[in-house]
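Novice: coords below, sequence missing:
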């Protein structure tokens, strides 16, 4: 019965037309209104608390150096300045680190997602020989890891030090992501695969033409997971990249926040010292913006992709 349905009732032999109230009005009592107001206020307060660190960093990145040194807390500067942003973009180290991070993130996301999908799809077939043994190894790898030193020795023996592949290959297949994607492929209707085989499709054809087009939500979800993990990765560049010209944005951010000033100041102005505090906040803002830009476009796939792939199989 829809909200626009009208019920005809007979009272004392007279037919009377009665309008059925929509469900949202039937349950909107005074207690419900109080709860809605309280719930809205609570969620708004939580949102403001979560938003506060971003506003704090953003505002301080535009504040003059003198105000940063004299005041430890403010939400609106007395004067706005772009001196910190001019400082970081005028040095060759920051643009190089930014471009390096973007390229490594893009290539790493494609490689990691490609390898994960290629392993997850065969494991979704129950008739695969040795499937249980491989899955036991995947679960074991998810619970127990080799550790930092064994991983470093493996990367070193493979000759990947000072190589961008060292930032991608050691974490190419995440066991948790593999299990979720495997469960997604496993829950696809078998009738689709049978129909594709009747039309003459091979195993790869079924995978390429049937499984992948239906797996866009879960692939978009884990593509963003991989991208954010690579973008924010600090330990891998610290361990495997000894050449400062190969540093990523996170390594550059660490150097800026730990040093009193940028080591690569403006070449054409000897004696120029960039604002140390303002540069720290400006680098944090610039390193956060790309993730904030792309996150909303893939956020709609999160719930759908995680729920579809999380069904036990």
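Specialist: Received the coordinates, thanks. Note that the structure is a prediction, hence the values are computed from the model and not measured. Numbers count the residues shown, from 1 in each chain.

Novice: Assumed residue 72 was part of a helix.
Specialist: No: secondary structure of residue 72 (DSSP: H, G, I helix; E, B strand; the rest coil): coil, not part of a helix.

Novice: domains for this protein, by residue range?
Specialist: What the record gives for the chain is the domain set 21-83, 85-309, from automatic domain parsing.

Novice: highest average neighbour count across the ones you listed?
Specialist: Stretch with highest mean neighbour count among the domains of the chain: domain 85-309 (a mean of 16; mean count of other C-beta atoms under 10 Å). (Each C-beta comes from the backbone N, C-alpha and C, glycine too.)

Novice: can you list contacts of the helix or strand containing residue 133?
Specialist: Using DSSP states H and E, residue 133 falls within helix 131-143. Outside helix 131-143, the residues that touch it by C-beta atoms under 8 Å, 6 or more residues apart in numbering are 123, 125, 175, 176, 178, 179.

Novice: Tell me the helix or strand right after it.
Specialist: Next in sequence after helix 131-143, counting helices and strands by DSSP H and E, comes helix 148-157.

Novice: Which neighbouring elements make contact with that next one?
Specialist: helix 235-240 (3 or more C-beta pairs under 8 Å, 6 or more residues apart in numbering; DSSP states H and E).

Novice: helices and strands around the helix it packs on, which ones?
Specialist: Against helix 235-240 (3+ C-beta pairs under 8 Å, 6+ apart) you get helix 148-157, helix 249-258.

Novice: For the ones you listed, which has the smallest mean pLDDT value?
Specialist: Across the helices and strands packed on helix 235-240, the stretch with the lowest average pLDDT is helix 249-258; it has a mean of 78.

Novice: Show me the contact partners of that helix.
Specialist: Residues outside helix 249-258 that contact it (C-beta under 8 Å, 6+ apart) are 88, 93-94, 97-98, 100-101, 231-234, 237-238, 241, 247, 262-263, 279-280, 283-284, 287.

Novice: ok but residue 129 is inside a helix, no?
Specialist: No: Residue 129 is assigned coil when assessed by three-state DSSP, not a helix.
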